[in-house]
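Undergrad: Could you work out the structure for the sequence below:
(chains A and B)
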Amino acid sequence: MNQFDLLSRRNVLSRLGCGFGGLALGTLLRESSIVASAEPELSADFQPRAKAVIQLYMHGGPSHMDLLDPKPVLNRFDGKTPPDEVADDEKRTKNLMGSPFQFHKCGQSGLEFSEIQPFVSEHADDIAVIRSMFTEHRNHEQAIWMAQTGMTTGGRPTLGSWAAYGLGTENRNLPAFVALPDPGGASVNGVRNWTSGWLPPRYQGTVFREQGSPVLNLQPKQPRPPAIERARANLLRQLNEKHLAERPGELELEARIETFELAGRMQLAATDALDLSQETEETQKLYGLDNATTKSYGTRCLMARRLVERGVRFVSLFMSGQPWDTHSNNNEGTKKCCHRTDQPVGALLKDLKRRGLLDSTLILWGGEFGRTPGAEQRNTKVAYGRDHHPYGFSIWMSGGGIKGGQHYGATDDFGYRAVEKRCQTANVHATILQLLGLDHESLTWHHNGRDERLTDVYEAEVLDELLA
Amino acid sequence: MRPAFRKSAFATLICILVTALQVPSETPAADVAKVELTFEKDIIPIIKAKCIRCHAGVEPKAGLNLTSPSSLLTGGKSGAALRIRAAEFSLLYEMVSSERMPPVGQKLTANEKGLIRKWINDGASGVSNAAAIDRSDDVTDTDLWSFRPPVRPVVPDVRHPGRVRNPIDSFVLRQLEKNNLIPSARADQLTLLRRASFDLIGLPPTPAEVDRFIANAGPGAYERMIERLLASPQYGERWARHWLDVAGFTESAGILNEDRALPLAWRYRDYVIRAFNSDKPYDRFLQEQIAGDELTDYWAAFEGEERLPEYVVEGIIATGFLRTAADPSRPDFSKIKNAAAQYFYPTLFDTLQIVCSSTMGLTVQCARCHSHKFDPIPQVDYYRMQAVFTTAYRTDKWIPQMNRRLPIASRRQTEAAAEKNAEVDAGVRLLKAELAALKKTFADRVFTDQLAMLPEELLEDVKSALNTKPASRTEVQGYLAGKFKTKLRPQGKELDDAITKYPEYTRRTKDLNAKVIAEEGRRWLFDEVRALYDQPGEATTPVLLRGDALTPGPLVEPGVISTIASPEPFEWSAPGPESKTSGRRLAFARWLTQPEHPLTARVMVNRIWMHHFGTGIVATSDDFGVSGASPSHSELLDWLATEFVRSGWSVKHVHRLILNSSTWQQSSGVTEEHRSVCEKVDPDNELLWRQAMRRLEAEPLRDAILATAGTLNTPMFGAGQAVAREKDGEVIVSAGQNQGRRSIYVKILRLNPETMLEVFDQPTISVNCTQRSISTVSTQALTLLNSDAMTRAASAFASRVEVEGANDPVGRAVLTAFSREGGPAEQELLSEFFDAQIKLYLEQHVEADRAKTAVVADARHKAMADLCHMLMSSNEFVYVD
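TA: The predicted structure is shown next:
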């Protein structure tokens, strides 16, 4: 499958000038014959299990042994020097540090969660935890590239862009890929978290904001009276129509006219999608909008649900800075992050489920790496931080074709290294694409003389055991 | 050193609790940390005990022989058995630590696992990298047209010689005639003026230029117009931008979150602008960028000259081309394991990709890991080319990117400056000591004066309390000290506040500080250049097995792609040890710029062609390999390439040829006749039966908006215009008098791309951009309709029209925006809108105010601004016919 097939597959006619992101006109013109004969219905590589993805990106690298990967042996050797096998030989971590948090078996399945996630753990039976993740870099930036784009080098398209490219949007008035950054401040790697890299810019994540105008320049900063706005739009249309009439058949001109119409429709659609006042008080409370600690993340979770409901394919939620980067006080830092996110994420799962959306919405929770079993001393007298750790960590997925109530793979007794069913990032990416009905090997884009793909040269395996 | 695992009760405990970690009692593991482990002494015994039954001999299992140090890196069927300093990602360690190996018999003990892990992580001492690389997948010679030198073809005869203005037309017409297609008529004069203007200088013709062009429409007027544009300094600003794309130019370092600014990068940008403006021969242009330091003998000038001659400075600035690759290194990189693999090699990889894709249109990066799947590029050649750059980018002795800069100074100047600056330092030190002494004096005076103000009875007690060391104070003294310390012995800011109350102190410090500034001003500083230059010492370049920096293979010498049939070979021999530079890059540049190089001239003329027609003769301007497009007019490509070289590699000569051809001057419109014939046979216009309608790229669009609004300001060169991210996320050019500078001077920051340029497809630079994509998306509509920058531009445009076209503002607006006169229907439409819009704005006011002069003037201005705004948002403005 290449980009041309995809265009035909996605029924270009229906998208002509309609996709929020607009059109690859150069391609379209050449492919007009394909367009005309395009099959009207979508035929994916696989039967899609998920229509949409909500990515809950946990910036900084959450501590797996404090959240999802119980390590009784580590706890027992709390404060002891680590054995050679797990001694951190390149960084500055010290003695082993057990987790102070109790783990509980949750749900019917008995999947274990630590006590600091009371809301998420209610959905244990819908959640599959991958405990055997590893990545290739111990710096945030490169490891984020890995998690988001499949390689540790910068400039490649993010997961959401690939999904947008592969699937297009279901709602002609909203983008396929929406990024919800934290209004509290930029995340590490900033705008690159939703870049389309060398995929065309129309597959880039569109930033929706919680406050003010939801999309950049959706309205002028000094709004104009409606009559004046209408007259302007009218004039522009007349100018463009006259111009087009002198150049009949230039599809590109027609498409550009359409983008202006769409801009108008989007003002309504985006504003409506983000109008949380339409939600009941119960729902707002569920997401924690009534609580200062949970309000911000809860708002974004609720926005994500509303966007997915309206046909957005991929929504990525980001956090300001890197709150999970618990170098100096791991236990408090990790707890704080849970206070901010646990209730909203639990609410999202619950809300999607009761609306019948969880089956078709894949939730992806995780960061760029885990944290060391050894204690790190940074800016404190006592060592009770944890450093970056790429050799073993956990992420979880739920909904959208995932078989919940299970964990996959394992780290060693100290949580140091993934040893069972070691899971590289490419496996996760391949699995996500497959759930969306896309084959990671054939979803390619020709760039600089090479058919590029999300999983690049990795021999990626779809994690069949995770699939429902 | 990390804490070792001590054999103790703890270890015994582990034996009981963790059966997987069996600690043998005979070897105290504490020793492990201290000694350097070797393959022979420490690893072979383990392998002999546990692995040798399968992984040795003539046919080892899985092709993996563990007994020879060379076979560990080469590995077996599953790839390398180990990766240097990365046990956690080494197959050998993975297998034994997870106890998948050995499959039967005794597993490795915890200590053995620890030994293997540490040995690998310490650098796998004893492992040889001399293994011969597997050449079984080496390319067979593919007969690739682009790897053979261009041969100048005979200009063909055509049936309609009247349509031929120069040889380009003969080649194009020949093909059209063969397919029974007819070229389009010549576009009208003003269309050509606008097209040429955007193509060459990236700006629309001004109303005055339109008038002049119409007034002087005699013979030769067109050619004169082309010459005027080629001679304009704005030509360099337009064409440098194209080159900066392929060079991957940005002004921030990339990768890391802080996205460090590169404050000196603009010098290279200016060099490129100047090079295009002066029509620097393209071969020289490439030689300077790849080896400007060696070409101009920078080191000789540095040692021998009083000051660096201008051409030497230009030479080292030009090497900025090799400094555009993203910089993932960071100040603490040296503490991090495998820094070369993680931080340094990516820069080398990117640099080679930039060099090869920009100059040769090749995608060499595939050959990094294996011989190229499609193109005849052997993997070993990739590393031979890498060796051209490893004397400058030494992965074993890395200079942090931010420290790689050369002062614009000779040795004599540098030494004189060092001497002089040492004097300055000494002077400054003295003055600072004086300042400190002064402060102390007045701190004491504060103490004395404040003490004197205390009641008599407290005075002595407080004094002795404060003069007693805190530890020795009695309880009472402690109380007194706590109470009076801030007043009597203030610190930091409080002290400053207290002593500045003494006019004498303020006066004397002011004098001294002025002296410090004066002294500092005597410091001799040099401008610096972000250059590439060789580092001292011998550099080695290993082939990286599978492209993995952790599995280095045999060493290679510098070289080039051996399958490229260049008449002149790559010639290089190692210079004497006294030489400051290896000459590798100059040898490479000479090879690359030989007149009959199969790719260099072809790739460049193709790129020039692409920017004049929207598509290159080879449509994949970034891929002249097997999987690239074949040339639509291969003879024309070769004719142009040889003509380019014959002209002395003159880029402007190629422009002249193209813009004076009938082919380029064709109309872009499709007539009924063409629709019924040409569009059926050649819908993509590959044979060039018409000119293509093209959307303005990001920079000419923004520049055209500024030019039309009359707010373009034109200072050339120098540091880039700052951009800033607004609260709502929009990145805009920071306000100030130079807000309206041309887009090429707007800083390109990888993490903060200017919003308008970004939405109109200015590339996000990761490595470089060899071909831009053009998108048509609604965020572009939103930016044009609603951004502050556009609203401002519309208002400025309106003000301009009000002055310049007092009698016919509407007509003047059309002329300024579209570089043509408005037609009657158009005039009517716009005038009606103007009048109606004035009314709408007046209706925003109460009845009584509507006749007021200021209100009317304001309404007229806003209405005209709306009109101007819509003109600049329209398709006609954004597209070039």
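
Undergrad: Can you check the pLDDT for the residue nearest to residue B:632 when sequence neighbours are not counted?
TA: Using Cβ to Cβ, 6 or more residues apart in numbering or on different chains and skipping residues adjacent in sequence, the residue nearest residue B:632 is residue B:686, 4.6 Å away. Using the backbone N, CA and C atoms, a C-beta is placed for each residue, glycine as well. On pLDDT, residue B:686 comes in at 91.

Undergrad: Contact partners for residue B:686?
TA: B:615, B:619, B:632 (Cβ atoms under 8 Å, 6 or more residues apart in numbering or on different chains).

Undergrad: Next: residue B:203.
TA: B:197, B:234, B:238, B:700, B:703, B:704, B:707, B:712.

Undergrad: Now do the helix or strand in which residue A:365 is found: which elements does it pack against?
TA: Assessed by DSSP states H and E, residue A:365 sits inside strand A:361-366. Secondary-structure packing of strand A:361-366 (3 or more Cβ pairs under 8 Å, 6 or more residues apart in numbering or on different chains; DSSP states H and E): strand A:52-57, helix A:330-354, strand A:393-398, helix A:425-435.

Undergrad: can you give me the angle the second one makes with strand A:52-57?
TA: For helix A:330-354 and strand A:52-57, the angle between their directions (axes from the mean of the first three to the mean of the last three Cα atoms, to 10 degrees) works out to 170 degrees.

Undergrad: for chain A, what are the low-confidence residue spans?
TA: Residues of chain A that meet the criterion pLDDT under 70 lie in A:1-46, A:88-91.

Undergrad: Look through it and state the residue closest to chain B.
TA: Per Cβ to the nearest Cβ, residue A:155 is where chain A lies closest to chain B, at 1.8 Å.

Undergrad: Could you find the closest non-adjacent residue to whichever residue of chain B sits closest to chain A?
TA: Nearest residue of chain B to chain A (Cβ to the nearest Cβ) works out as residue B:766 at 1.8 Å. Nearest residue to residue B:766, sequence neighbours excluded (Cβ to Cβ, 6+ apart): residue A:155, at 1.8 Å.

Undergrad: The one you found and residue B:769, how far apart?
TA: 10 Å (Cβ to Cβ, to the nearest Å).

Undergrad: Kindly state the domain boundaries assigned to the chain.
TA: Going with chain A. When chain A is parsed with automatic domain parsing, its domains come out as A:1-43, A:48-210+A:279-466.

Undergrad: think we crossed wires, I meant chain B
TA: Split by automatic domain parsing, chain B gives B:9-121, B:281-409+B:531-592, B:427-522, B:695-775, B:788-880.

Undergrad: want to throw those into CSV with distance to residue B:416 and mean neighbour count?
TA: As requested, those are exported to CSV (distance: least, Cβ to Cβ, whole Å; neighbours: other Cβ atoms under 10 Å in any protein chain shown):
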stretch, distance to residue B:416, mean neighbour count
domain B:9-121, 45, 18
domain B:281-409+B:531-592, 9, 20
domain B:427-522, 13, 14
domain B:695-775, 27, 20
domain B:788-880, 49, 18
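
Undergrad: So for residue A:184, which of these sits nearest?
TA: Across those, residue A:184 has its closest neighbour in domain B:695-775 (12.4 Å, Cβ to Cβ).

Undergrad: Could you give the average pLDDT over that closest one?
TA: Mean pLDDT, domain B:695-775: 88.

Undergrad: Span of that domain from start to end?
TA: 9 Å (Cα to Cα, to the nearest Å).

Undergrad: rewinding a little: could you redo the domains of chain B as a markdown table and give each row distance to residue B:663?
TA: Below are the domains of chain B laid out as a markdown table (distance: least, Cβ to Cβ, whole Å):
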| stretch | distance to residue B:663 |
| --- | --- |
| domain B:9-121 | 53 |
| domain B:281-409+B:531-592 | 22 |
| domain B:427-522 | 61 |
| domain B:695-775 | 21 |
| domain B:788-880 | 16 |
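
Undergrad: right, and those domains - which one's nearest residue A:85?
TA: Using Cβ to Cβ, the nearest of the domains of chain B to residue A:85 is domain B:9-121, at 5.7 Å.

Undergrad: circling back to that earlier point, ok, of the domains of chain B, where does mean pLDDT dip lowest?
TA: The bottom spot among those, by mean pLDDT, belongs to domain B:9-121, with a mean of 72.

Undergrad: who's in contact with residue 198?
TA: No chain specified, so I'll use chain A. Contacts for residue A:198 (Cβ under 8 Å, 6+ apart) come out as A:155, A:156, A:157, A:445, A:447, A:448, A:452, B:764, B:766.

Undergrad: I was thinking of chain B, sorry if that wasn't clear
TA: For residue B:198, the contact set (Cβ under 8 Å, 6+ apart) comprises B:204, B:696, B:700, B:704, B:880.

Undergrad: Over to residue B:698?
TA: Contacts for residue B:698 (Cβ under 8 Å, 6+ apart) come out as B:743, B:756, B:757, B:758, B:759, B:760, B:761, B:762.

Undergrad: Intersect these with the contacts of chain A.
TA: With the criterion set as Cβ under 8 Å from any Cβ of the partner chain, the members of the contacts of residue B:698 near chain A are B:758, B:759, B:761.

Undergrad: just checking, residue B:67 touches residue B:45?
TA: No. In this structure, residue B:67 is not within contact of residue B:45 by Cβ atoms under 8 Å, at 11.6 Å.

Undergrad: Quick check: which element contains residue B:797?
TA: helix B:788-804.

Undergrad: what packs against that helix?
TA: By 3+ Cβ pairs under 8 Å, 6+ apart, helix B:788-804 packs against helix B:698-709, strand B:731-733, helix B:809-818, helix B:853-873.

Undergrad: I'd like to know which of the ones you listed lies nearest to residue B:257.
TA: strand B:731-733 (16.3 Å).
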